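Sequence first, predicted model second:
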Amino acid sequence: MVNILYCGNDKVFDGMLTCTLSILRRTESREPFTFYIYTMDVSDIKDTYLPVSDSQVSFFEDVIKAYNPENRAVKIDVTDIYKKEFSGCPNEGAYCSPYTLIRLFADEVEGMPDKLLYLDADILFNRDVHLLYDTDVEGYEYAAARDHYGKYLISPNYVNAGVLLFNMAEIRKTGLLSKARELIKTKKLTFADQSAIIRSTTKKRMLPQKFNDQKFLHKHTVVRHFSKRLFWLPYPHTANIKQWQVSSVHKIFRYYAFDDVLYEYIYLNEKYKREVKK
């Protein structure tokens, strides 16, 4: 069983669907997947902060079961945990949203597996997920790759927390996530959850950049992370192009390697919209 964790509100559906399609299409093994989805309703903070809907999860599960009937999706509402732990905390207005904080509850949710791959929603797999998932994390709290910009600007081993292969058994021993939650509750951090995880780490395994390429796509790239990046032309600027923005992926990045994934996404997205309207 391969265990994947996504976190977010109903707006992560496009990313969750495209990322999952890339995993299922690029993975040769017929081993089943469990996709855990942490979500919550914090519309009291902002009216658009709504949970991943039951209809989205139901549709998502139909999609993954078409690839393997043993695949499953598990939606977990962490609203109560969030309000108990982080309501009114210094990082509630995090750089993205409060949803970036909820992966820090992985040790508080009952029944989570000992090995868990956390993924941001703005990710596509270019190669088999097992190249990453089968990494030995025995004795480490997690495995992660360097942040493309942070390794130059902050520290050579500064990691990007968009791809984290958690060893939950080790994390429960060291208290990594509980220490990170305490920092979130007491200190205003530049990158909120990412900063809290890094500061609380006892031992991590560094992965090659190919497991979290945030700027380029190479043949050896396993994970392409569509995070905000710097462009030099026609003038220095940043852009936040996501994989479900198919025209921009073609026009700006000139990527066509993911067309099988993206065209299936377009078809499924239209199908979902039709079903919701019924």
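Arrived safely.

pLDDT averaged over stretch 77-85 - what is it?
For stretch 77-85, the mean pLDDT works out to 96.

Can I get stretch 92-111 in CSV, CA atoms only?
The C-alpha trace of stretch 92-111 is given here as CSV (Å, rounded to 0.1, in the frame of the first residue of the first chain):
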residue,chain,number,x,y,z
GLU,A,92,-3.2,31.9,11.3
GLY,A,93,-2.7,34.4,8.5
ALA,A,94,0.1,32.2,7.0
TYR,A,95,1.7,33.1,3.7
CYS,A,96,-0.7,30.9,1.8
SER,A,97,-3.6,30.0,4.1
PRO,A,98,-4.4,28.2,7.4
TYR,A,99,-4.6,25.0,5.3
THR,A,100,-0.8,24.9,5.1
LEU,A,101,-0.7,24.2,8.8
ILE,A,102,-2.9,21.1,8.9
ARG,A,103,-0.3,18.6,7.8
LEU,A,104,1.2,19.2,11.3
PHE,A,105,-1.7,17.1,12.7
ALA,A,106,-0.6,13.9,11.1
ASP,A,107,0.5,12.4,14.5
GLU,A,108,-2.9,13.4,16.1
VAL,A,109,-5.2,11.8,13.5
GLU,A,110,-5.8,8.2,14.5
GLY,A,111,-5.0,5.4,12.1
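
what separates residue 31 from residue 106, distance-wise?
Taking CB to CB, to the nearest Å as the measure, residue 31 falls 21 Å from residue 106. From N, CA and C alone the C-beta is placed, and that goes for glycine too.

more neighbours, these two?
residue 106 (23 against 14; other CB atoms under 10 Å).

Verify the contact between the more buried one and residue 166 for me.
Yes - taking contacts as CB atoms under 8 Å, residue 106 lies within contact range of residue 166: 6.4 Å.

Mutual contacts of the two, please.
Common contact partners of residue 106 and residue 166 (CB atoms under 8 Å, 6 or more residues apart in numbering): 5, 116, 118.

Which other helices and strands does the strand or helix carrying the second one contact?
With secondary structure defined by DSSP states H and E, residue 116 is part of strand 115-119. If contacts are counted by 3 or more CB pairs under 8 Å, 6 or more residues apart in numbering; DSSP states H and E, strand 115-119 sits against strand 2-7, helix 130-133, strand 163-167.

Tell me where the stretch 51-200 of the chain has strands.
Using DSSP state E, counting those that start in this stretch, the strands of the stretch 51-200 of the chain run over residues 72-77, 115-119, 123-125, 142-145, 163-167.

what pLDDT does the spatially most central residue of the chain get?
Closest to where the C-alpha atoms of the chain average out (CA atoms, centre = their mean) is residue 120, at 1.8 Å. Here the pLDDT value assigned to residue 120 is 96.

Quick check: the nearest residue to it once chain neighbours are set aside vs residue 226, distance?
Once flanking residues are discounted, residue 120 sits nearest to residue 162: 3.8 Å by CB to CB, 6 or more residues apart in numbering. Taking CB to CB as the measure, residue 162 falls 10 Å from residue 226.

Between the two, which contacts overlap?
Here residue 162 and residue 226 have 122-123 as joint contacts, going by CB under 8 Å, 6+ apart.

neighbour-wise, which of the two wins?
Comparing residue 162 with residue 226 by other CB under 10 Å, the one with more neighbours is residue 226, at 26 against 21.
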